[in-house]
Every structure is written in structure tokens, then in C-alpha cells.
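Novice: missing the sequence, but the structure's below:
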């Protein structure tokens, strides 16, 4: 479904990605793990079209998308939930959700999708007319995911969905991600919560200093000595 | 006498009781962890202790002195300082400049402030980043800078608001080591944290808040077994999914 081949990305003179290649197949949950500054968010932003690679290419279904605009990429079905939620704080829950469904295809299905989002997150329906800025951290994360789903993505990319959440909410968010996947959405996940994300994922990639250094099934990576020492601290 | 003493502290926002009748004592040299669900009132409690908010009720005493009418910078000069959940360095200044500004809280002499800042930078492991602009730091380094800025004010009591969020377990372990060193230097620590790995490793005692009220208090091993804490905060599977 998604094929990233040898992408190199720079911020000015600073090279952030040094030839990253990865694949996501239809129906999978795939995670990218790595320490801070390794290039995980940069990888997602390049797939989203917010950053452009200097070399390498990105194929989504039949299209080569690495020179497409971010909005064109969303319309093809790739949606990113940004780190730190990035909601519209002075809009209500419903208005934030509507902002996620601006493309004709998503707009047509707006009511139906919103009903699905409310079924996944009953809390959001209870607070449908509340301003996003007044929601608790956990509720804001739910809204950010809900807004992403409103675009009816084929591939949903999440950047640290568990950030700043209590242990019980972290568990809840991972359960929801699993449910979204079971209902047909392919998932690419970036997480610091290495244990939870590898446990949930069919496959994972380890990114260090802008390069993929290791890949395998989630369970293989959880057993890997390097992962256990460097990322799980065991 | 406790270093910090809270008696029946409450803070309301309109009809919402964000912090409700919270009492706690913090002894000199201790590390106390505060846990609780998102929206439980942890950060509001910090804001109230450090003078950003005025409590609607209750007493806050630091070294026996009532702090309620003091401004944040006056409270800082008394020796109490906090970090922010979202780190707030001066982005266009270097690491050194950021820390010098904090050190100027203790001395008006720039040379002296600079020499203190350099020591603090070395202690927090940022020496090879001394001249880097704050905007160019990775998240773990920004968290260290936030810590260096507080330490440069020479606090007796350090309040840390989620300094471990967004770090990998190994990065968390590095920070735990650094905070233990900070505590060894005689600095008392009050820690808000969701990263239980950090809470368990550092805290001598833990207080759990829910809906603004204290629901548990005690040694960390005890608090994480408390059924109210499991129900409101940790979830049944905590322990299997330790991370």
C-alpha cells in the first residue's frame, strides 16, 4: 500500500533522514520506534507531504506522491494525527470534527462518519458543543484522532498518541487504535511507548540517527536484546 | 517543621472544583510524587503553590512562611521554583544565555551568573550544547535545559511538571539518574508525572489526586496497589505493561 524508498530529508544543511525505506501493507499496524531526534516525526511529515525529500521516492497504491502537496495526499487517503494534537481550541468538538472532512468524498459521508467517531469515543458526543481548548488532555487526544478519522483515511498515521496521558488512558487509546484497525483502516504509528506499540503492531521499524537500523515483527523486536536495552530499559 | 505545608487548599474555576481541600506535607530532602488522571487538578495545584493562581481557600506555608500574597518571582527568590509541562526556553537564545538569565535571579553580577550557569550546564549534561540555540535542541535536551534553568536559581524546593513525557524508557532512566543527583545535593523535589517508571524509581511517597481531591497517599508500592488508584488511574493491567 505504502512504499517509502531511500528518502533523504534535510532541514537546511542538517540531514534528518539518511535513506529511509519502509513498507506498510493493507490492513497492517506498523510502528516506527526510536529515540528523540531520530527522525520519526520527520518520516511521517515527509509521507504527508509537509516536507519534501531531496532523494528517494514514496509510492502510495499506484501513485508516486513525494512531490504532491499535503492536501492532495490527504485526498488520496493518507491522514496524519500530529504530535501535540493541534486542535482548533476556540472551535467546538463538532466544528473540529467537521474541519476534518472538507474533501468532497469525506464531506458526503460526514454524518455517517461522525456517528462512527462518537461510537468510538462516547465522551466526545457528551461534549459535542464544548470548546476544544477546554477539554482535558485525554479528551483532546480523542478529538485529534476523531478529526483524523473524519477524512475517511485508508492509511492513518499517528504521532505519539499516548503523550501526556495517564496509564489507564494510554491503554484506552491503544485499544481504540486496534479497533480502528480492525474496522479496516491501515495504521502507521510513531510512539515512545515502545512496549505498547510493538505489542499492538504486526511489524515495526527502529530508526536511529535518520536510518532504519532494525525491522521485524512486533514480537521479534520486543525480544530483541538491543531493543530491550536501548528502548525498554530492561 | 515541614519544608512545604498545604492545609485545606482549594481552587475553583467558576463552578468547577479543580483542587478541593488538599493538605500535604513535604519534608526537607524528600521526593514526593503526585499522580492522577488527566484533569485531576495536578497542574492547578502546582500553579497554586507557586503563586500563579491564588487559592480560594486554605494555607500554603514554605519554611513556615505564608506564601499566599507573594508573586511568582518572589516565591522563586524564597527558594521554590517550578518547570512547565510544555518547556518554555527562550528559543532564540543559546543554552548558556538561557541559564544565565535564570542565575541572575540570585546575583546581579553577570560574570558571577555566567560562572554559575556554566557549572549548572555541566551538571545537567549539556556542556557540549552550551552555545547551541534552544530551538536547535532535541526534546531530551530541552527538558535538561528546563531543569538547568530552575537549578540556576538555587532552589530548596523543585517542582517538576511532567518532565518525563515524550521520552523513551532509556531517556527516562538517564533523567532519573540526574534527578537523584539533584536530590543528593539537598534539593527537595515535588514531581507530577504519568511515567510510572520515573515515579516508582524516585518517590519516597506518592499522593494520588482525582477530581481535585486526595484519594491516596503513601509509599509508591502501596499506592499503586490501592484499588481507587487502579480504578481511576492505572487500570487493571498495570504491572504487566510496565513501560
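Specialist: That came in fine, so what should we check first? In this text the structure is predicted, and so the values were computed from the model without any measurement.
Novice: Is the helix or strand of chain A with the lowest mean pLDDT positioned near chain B?
Specialist: Of all helical and strand segments in chain A, the minimum by mean pLDDT, DSSP states H and E falls on helix A:225-230, at a mean of 88. Yes: applying CB under 8 Å from any CB of the partner chain, one finds helix A:225-230 touching chain B at A:229, A:230. Every C-beta, even on glycine, is put in place using the N, C-alpha and C of the backbone.
Novice: Need the contact partners of that helix.
Specialist: For helix A:225-230, the external contacting residues (CB atoms under 8 Å, 6 or more residues apart in numbering or on different chains) are A:33, A:35, A:194, A:198, A:206, A:214, A:221, A:222, A:234, B:170.
Novice: Tell me the buried residues within these.
Specialist: Buried members of the contacts of helix A:225-230, scored by 16 or more other CB atoms under 10 Å in any protein chain shown, are A:33, A:35, A:194, A:198, A:206, A:214, A:221, A:222, B:170.
Novice: Tell me the secondary structure of the second one, please.
Specialist: Yep, that's residue A:35 we're talking about. Using DSSP: H, G, I helix; E, B strand; the rest coil, the structure places residue A:35 in coil.
Novice: Quick check: phi and psi on it?
Specialist: Main-chain torsions, residue A:35, degrees, to the nearest 10: phi -80, psi 170.
Novice: residue contacts, it?
Specialist: Residue A:35 makes contact with A:208, A:230, A:231, B:140, B:168, B:170, B:171, according to CB under 8 Å, 6+ apart.
Novice: Residue 199: neighbour count?
Specialist: In the absence of a named chain, this looks at chain A. 16 (other CB atoms under 10 Å in any protein chain shown).
Novice: The chain in question should be chain B.
Specialist: Considering only other CB under 10 Å, residue B:199 is surrounded by 21 other residues.
Novice: And for the one 10 residues further on?
Specialist: Residue B:209 is flanked by 25 other residues according to other CB under 10 Å.
Novice: One more: the one 4 residues further on?
Specialist: Neighbour count for residue B:213, taken as other CB under 10 Å: 16.
Novice: excluding its backbone neighbours, what's nearest it?
Specialist: For residue B:213, ignoring the flanking residues on the chain, the nearest one in space by CB to CB, 6 or more residues apart in numbering or on different chains is residue B:20 at 4.9 Å.
Novice: Surely that neighbour is in contact with residue B:211?
Specialist: Yes: using CB atoms under 8 Å, residue B:20 is in contact with residue B:211, at 7.3 Å.
Novice: between those two, who's got more neighbours?
Specialist: Using other CB under 10 Å as the criterion, residue B:20 and residue B:211 rank with residue B:20 on top: 20 against 16.
Novice: The more buried one belongs to a helix?
Specialist: No: going by three-state DSSP, the assignment for residue B:20 is strand, not a helix.
Novice: wait, what's in contact with residue B:176?
Specialist: Contacts of residue B:176 by CB under 8 Å, 6+ apart are B:197, B:198, B:201, B:202.
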